[in-house]
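In: I need the structure of the sequence given here:
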Amino acid sequence: MSIKAKAAITNGIGAFSIQEVLVGNPAKDEVLIAIKASGICHTDYDSMKWGKPLILGHEGAGVVIEAGNDVDGLAAGDHVLLNWAMPCGHCFQCEQGNHSICENFSPVTGAKGLHGVSAGHPEFTSTTFQGKGIERSFNLGTLSSLTIVRKEAVIKMPMDIPFPSACIMGCGVMTGYGSATNVAKVSRGSSVAVLGAGGVGLNVIQGCRIAGADKIIALDVSVTRLALSKQFGATDVILVGQEPGGMDKAFNDVKELTHGRGADFAFECTGRPALGAAPLALVRNAGMAVQVSGIEEEITIDMNLFEWDKIYLNPLYGKCNPMVDFPILFNLYKQGDLLLDELVSKTYGLEDLGSVFDDMLKGNIAKGVILF
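Out: Below is the predicted model of the structure:
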């Protein structure tokens, strides 16, 4: 039996509309979820130009409606967080501990390629739009009142975590926090520079704070975002001038704050290709630079920036291991260490999705959330 749902659907060439879809029954290894909240980030905006119709959204939290026969540990009424890593657990990369780059189920690295349908489900037919099956962004499609996902995408969560705060863990929080703790393994007493204090950058900052970094330097062009970064753990802030030479001055300011050497760790969180090499200029010799924001364009790097013994990493999803990392995040939130409520600047209805994108692109919000 099919159920009607409201969803944000892109035409693949830059536009979206709110439409009615029909959602069927979950397969034996799937779960039917009523989405209660969906976070919005730049990837959702970018996905409108991926060249194909999609149900938008990849950060979601909600309630289990029905679980397939092969799904253990989940029942109707459970509160759940959705994640798009979906490790199969037995491919080469999963056996190496690289769960975020699973070769079978990852929508980014799987057999179908970038943002395609996972190898495990070569074609989605459980959700239809205008009589045809339709894909979900990152195999989730959280900008829909109902969605069907693989069991590997579902993490049961405590009932007392608010849905708006929970949903943003599914991508932006995990990416930022994990980049600090899983990827860089920021050490207690270390110095850190974070370029870009938007949604992901703020989570890098609080990941570094939780890891025990002694000096956390936030760099941004926005006074508002820099002020917010202090709430999340920044010990120093640098307003980057947008005039010629503004970044060079910022690099020098970081060195002055780090005994003339540069930071032990530096993170790029702006998504701007022109700044892809910037973290290398912010770290000391033998320091670590992490490109967090997912730049995929071709860039040119002066190899002198690697002198000497610097490490540059380009991780996916903060090297997330869903079954390990999300329970840690739940506990950190309940202890008051992980700030989530403070990240949600504003909530909207699905019909206001255009306003969310506008507010995000103008830098008016840290994080916008759609409520169902």
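
In: only C-alpha atoms for contact and neighbour calcs from this point on.
Out: Will do.

In: just the strands in the stretch 101-250 of the chain please.
Out: 127-129, 132-133, 146-150, 154-156, 191-195, 215-220, 236-239 (DSSP state E, counting those that start in this stretch).

In: quick one: those strands as JSON lines, columns for mean pLDDT and mean neighbour count too.
Out: Below are the strands of the stretch 101-250 of the chain laid out as JSON lines (pLDDT from 0 to 100; neighbours: other Cα atoms under 10 Å):
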{"stretch": "strand 127-129", "mean pLDDT": "92", "mean neighbour count": "21"}
{"stretch": "strand 132-133", "mean pLDDT": "91", "mean neighbour count": "14"}
{"stretch": "strand 146-150", "mean pLDDT": "96", "mean neighbour count": "26"}
{"stretch": "strand 154-156", "mean pLDDT": "97", "mean neighbour count": "21"}
{"stretch": "strand 191-195", "mean pLDDT": "98", "mean neighbour count": "29"}
{"stretch": "strand 215-220", "mean pLDDT": "98", "mean neighbour count": "26"}
{"stretch": "strand 236-239", "mean pLDDT": "98", "mean neighbour count": "18"}
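
In: let me know which of these is the nearest to Met360.
Out: Proximity to Met360 (Cα to Cα) singles out strand 215-220 among the strands of the stretch 101-250 of the chain, at 15.6 Å.

In: any idea how far the closest one is from the chain center?
Out: 20 Å (Cα atoms, centre = their mean, to the nearest Å).

In: what is that strand packed up against?
Out: strand 191-195, helix 199-211, helix 223-232, strand 236-239 (3 or more Cα pairs under 8 Å, 6 or more residues apart in numbering; DSSP states H and E).

In: go again with 7 Å.
Out: Identification of packing neighbours for strand 215-220 by 3 or more Cα pairs under 7 Å, 6 or more residues apart in numbering; DSSP states H and E yields strand 191-195, helix 223-232, strand 236-239.

In: in its sheet, what does it sit against?
Out: Note on strand 215-220: by DSSP bridges, its sheet partners are strand 191-195 (parallel), strand 236-239 (parallel).

In: wait, doesn't Gly294 sit right on Thr270?
Out: No: using Cα atoms under 7 Å as the test, Gly294 is too far from Thr270 to be in contact (9.2 Å).

In: who has more neighbours out of the two?
Out: Neighbour count, other Cα atoms under 10 Å: between Gly294 and Thr270, Thr270 has more, with 23 against 18.

In: isn't Lys4 right up against Gln19?
Out: No: the criterion here is Cα under 7 Å, and Lys4 misses it with Gln19 at 10.1 Å.

In: quick one on the thing from earlier: out of the helices and strands packed on strand 215-220, which comes closest to Lys310?
Out: Of all the helices and strands packed on strand 215-220, strand 191-195 comes closest under Cα to Cα, at 14.4 Å.

In: how far out from the middle of the chain is that closest one?
Out: 19 Å.

In: what of stretch 321-339?
Out: From the chain centre to the centre of stretch 321-339 is a distance of 15 Å (Cα atoms, centre = their mean).

In: ditto for stretch 14-24
Out: 23 Å.

In: hey, where'd the helices end up in this protein?
Out: With DSSP state H as the criterion, the chain has helices at 42-46, 92-95, 163-167, 172-178, 199-211, 223-232, 246-257, 278-282, 322-335, 353-361.

In: coming back round to it: would you reformat the strands of the stretch 101-250 of the chain as a markdown table and include distance to Gln96?
Out: Listed next are those as a markdown table, based on distance: least, Cα to Cα, whole Å:
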| stretch | distance to Gln96 |
| --- | --- |
| strand 127-129 | 34 |
| strand 132-133 | 34 |
| strand 146-150 | 22 |
| strand 154-156 | 22 |
| strand 191-195 | 28 |
| strand 215-220 | 32 |
| strand 236-239 | 38 |
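
In: who's in contact with Lys362?
Out: With Cα atoms under 7 Å, 6 or more residues apart in numbering as the criterion, no residue contacts Lys362.

In: ok so, going back, dump the helices of the chain to CSV, plus distance to Gly57 and mean neighbour count.
Out: Below are those laid out as CSV (distance: least, Cα to Cα, whole Å; neighbours: other Cα atoms under 10 Å):
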stretch, distance to Gly57, mean neighbour count
helix 42-46, 6, 15
helix 92-95, 25, 15
helix 163-167, 11, 25
helix 172-178, 13, 27
helix 199-211, 16, 27
helix 223-232, 24, 19
helix 246-257, 34, 17
helix 278-282, 29, 26
helix 322-335, 18, 15
helix 353-361, 11, 17
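
In: of all those, which one is nearest Ser126?
Out: helix 42-46 (22.1 Å).

In: export that closest one to CSV, keeping only CA atoms.
Out: Output in CSV follows, covering the C-alpha atoms of helix 42-46 (Å, rounded to 0.1, in the frame of the first residue of the first chain):
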residue,chain,number,x,y,z
HIS,A,42,25.2,24.1,1.0
THR,A,43,25.2,20.5,-0.3
ASP,A,44,21.4,20.6,-0.5
TYR,A,45,21.6,23.8,-2.5
ASP,A,46,24.3,22.3,-4.8
